[in-house]
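>>> Sequence first, predicted coordinates after that:
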Amino acid sequence: MDTYYNDLGIFLYHTPIVCAFAAAFVLLINRHRTHSQVWLAVVFITLGLGMTASFMFDRYLTSNHREIMRPVNFITSLASSVATLFYFVALMQPRRLTKKFIGLFCGAWLAFSLVVCLPDVLSGHFHPLRDVSAISHFSSLAVVWRIIIDLCVMGLDIWLLLFILKMYREHRQFVSENYSFIEGINLSWIKIIIVTFVVLGVLDILWTVNSAPAFKMFFHIFSFIAIWVIFWFGFRQEEISYPDLPTNDWSKAKEEKMQSKDRMTRLKADLLEYFDNKKPFLNPELSLQDVATALGVSQYVLSRFINKEFEVNFYTLINRFRIDHVLRLIELNKSTFNNDALLAASGFRSRTVFFNQFKEKTGCTPQEYIEKKEKAGTKRGRSKNTPPPII
């Protein structure tokens, strides 16, 4: 029996399996789960079932624990890849995830599973290779067949990676052009998840050709860490709405006009009037949703409008209004404001942000700006009191 199957080995084998099912359970019982989180639960279930099947074959259904390129490993590895694809599509392009799309890939997976299993069922010569040294026996039809299957799985995983990266680039561009950093939208974590899945996929492929106890231990430890990293980021992500977007070609979404020119002109006038009269930017807790509600539009419409009309995000626009308000206060009351008073009247929560924004606008600190204005006013006063020269 393989030395890996001691108490520690069994513990390491079971731990990621239990964690995968536990993560899926938490996602599914969450009442506020998003569509993508349901598919993430499917990913965890697929991973858990795959590791369970691998454990059953490795531990109980074979006498040689160093066998490589087992059909069950190929089938479960591809199932995990397909489930991962569905998750990323649900996360970044949910309208692409139709029944036809799901059926196409599930059907392809079933066909692949039959192709992998049939030779083992129909012929006694097609059996898993006894260890990694058997790969060099190219005269054996079974060896060549297993290598071809392994290369097919690797090729499909590479294609899936490129497809997901393409979706991510389009998704990142779409969000950056249409959202003003709405709370809950942060795409940096997607990179972490993609990298984690890639490493997990590479290790999964290596599992089919490497049955050494040390590698098994490393694989299960990394799987345990990867499951909770993916769960942590996936569980925290909120739903991103995509109203009025084309179903199939998201890359053209940025080219479509959201509203007519008249409505945009009216929205701009309403926004500027609201800021001028109500001065909501003086509220340090002001959010995009607050302004959208006051103007009677959705936060998506307002966010996209601000990005296109002012070419900045929502919070940058708010900071500009705050600095302009402070400058007007200084013009009216040059000598009555100090830094603390200006900060309190500006709407900024952070003193550092206030100073940075003010310096970016004027090139100096508030106190330096006030002193310059006072000196300029004194010079103008002296020039007015100076008598004209005698000619």
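Arrived safely, thanks for sending.
>>> Skip the chain neighbours and tell me the closest residue to G347.
Nearest residue to G347 in three dimensions, chain neighbours excluded: L282, at 4.1 Å (Cβ to Cβ, 6 or more residues apart in numbering). Placement of C-beta: from N, CA and C, glycine included.
>>> typo on my end, V312
That would be I306: by Cβ to Cβ, 6+ apart, it lies 7.0 Å from V312.
>>> which residues touch the one you found?
180, 312-314, 317 (Cβ atoms under 8 Å, 6 or more residues apart in numbering).
>>> And the pLDDT at the residue nearest the centre of the chain?
The residue lying closest to the centre of the chain (Cα atoms, centre = their mean) is I190, at 2.9 Å. Looking at I190, its pLDDT reads 84.
>>> can you tell me which residues contact the closest residue to it other than its chain neighbours?
Leaving aside its sequence neighbours, I190 sits nearest to Y168 (Cβ to Cβ, 6+ apart; 6.1 Å). By Cβ under 8 Å, 6+ apart, the residues touching Y168 are 88, 92, 187, 190-191, 194.
>>> In a helix, Y168, correct?
Yes: looking at Y168 with DSSP: H, G, I helix; E, B strand; the rest coil, it is inside a helix.
>>> Tell me the spacing between it and V89.
When Cβ to Cβ, to the nearest Å is the yardstick, Y168 and V89 sit 11 Å from each other.
>>> same check, this time on P284
39 Å.
>>> tell me the average confidence for stretch 70-80?
Per-residue scores along stretch 70-80 average to 87.
>>> got the buried residues for it?
Judged by neighbour count using 16 or more other Cβ atoms under 10 Å, the buried positions of stretch 70-80 are 70-80.
>>> Not counting residues beside it along the chain, what's closest to W189?
F233 (4.2 Å).
>>> pretty sure that neighbour is in contact with I192, am I right?
Yes: counting by Cβ atoms under 8 Å, I192 is a contact partner of F233 at 6.3 Å.
>>> Neighbour count for those two, which is higher?
F233 (17 against 13; other Cβ atoms under 10 Å).
>>> sec struct for that one, please.
Look at F233: counting by three-state DSSP, its state is helix.
>>> and the gap between it and T196?
Applying Cβ to Cβ to F233 and T196 gives a distance of 9 Å.
>>> that older thread, just the buried ones from the contacts of Y168?
88, 92, 190, 194.
>>> Show me the contact partners of the helix or strand containing Q357.
Assigned by DSSP states H and E, Q357 belongs to helix 351-362. Applying Cβ under 8 Å, 6+ apart, the external contacts of helix 351-362 come out as 319-320, 322-323, 326-327, 342-343, 346, 348, 365-366, 369.
>>> could the residues you listed be laid out in JSON lines, adding pLDDT and neighbour count?
JSON lines is the format used below for the contacts of helix 351-362 (pLDDT from 0 to 100; neighbours: other Cβ atoms under 10 Å):
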{"residue": "N319", "pLDDT": "90", "neighbour count": "22"}
{"residue": "R320", "pLDDT": "91", "neighbour count": "16"}
{"residue": "R322", "pLDDT": "91", "neighbour count": "23"}
{"residue": "I323", "pLDDT": "91", "neighbour count": "22"}
{"residue": "V326", "pLDDT": "88", "neighbour count": "24"}
{"residue": "L327", "pLDDT": "88", "neighbour count": "17"}
{"residue": "L342", "pLDDT": "84", "neighbour count": "22"}
{"residue": "L343", "pLDDT": "84", "neighbour count": "20"}
{"residue": "S346", "pLDDT": "86", "neighbour count": "23"}
{"residue": "F348", "pLDDT": "89", "neighbour count": "24"}
{"residue": "T365", "pLDDT": "84", "neighbour count": "13"}
{"residue": "P366", "pLDDT": "84", "neighbour count": "24"}
{"residue": "Y369", "pLDDT": "83", "neighbour count": "20"}
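>>> tell me the two of those residues that are most distant?
Using Cβ to Cβ, the two most remote members of the contacts of helix 351-362 are R320 and T365, lying 18.0 Å apart.
>>> gap between the closest residue to F281 other than its chain neighbours and L327?
Leaving aside its sequence neighbours, F281 sits nearest to F321 (Cβ to Cβ, 6+ apart; 4.4 Å). To L327, F321 is 11 Å away according to Cβ to Cβ.
>>> The helix or strand hosting F197 - contacts with which helices or strands?
Following DSSP H and E, one finds F197 within helix 188-207. On a contact count with 3 or more Cβ pairs under 8 Å, 6 or more residues apart in numbering; DSSP states H and E, helix 188-207 meets helix 71-92, helix 141-178, helix 213-236.
>>> Which is the succeeding secondary structure element to the shortest one?
Which is helix 71-92. That would be, after helix 71-92 and using DSSP H and E, helix 99-122.
>>> got the buried residues for the host helix or strand of S36?
Using DSSP H and E, S36 falls within helix 35-59. Neighbour-count burial for helix 35-59 flags 36-54, 57-59 (criterion: 16+ other Cβ under 10 Å).
>>> Give me the angle between that helix and helix 71-92.
Helix 35-59 runs at 170 degrees relative to helix 71-92, counting by axes from the mean of the first three to the mean of the last three Cα atoms, to 10 degrees.
>>> if we can go back for a sec, can you tell me which of the contacts of Y168 is nearest V115?
F88 (25.5 Å).
>>> Output the below-cut-off pLDDT ranges for the stretch 151-300 of the chain.
Confidence mapping of the stretch 151-300 of the chain against pLDDT under 70 gives the ranges 176-187, 238-261.
>>> Low-confidence ranges, the stretch 1-150 of the chain, go.
Checking the stretch 1-150 of the chain against pLDDT under 70 turns up 1-7, 63-68, 121-139.
>>> try 50
Residue ranges of the stretch 1-150 of the chain with pLDDT under 50: 1.
>>> which of the helices and strands packed on helix 188-207 sits most buried?
Looking across the helices and strands packed on helix 188-207 with neighbours counted as mean count of other Cβ atoms under 10 Å, the highest average goes to helix 71-92: a mean of 23.
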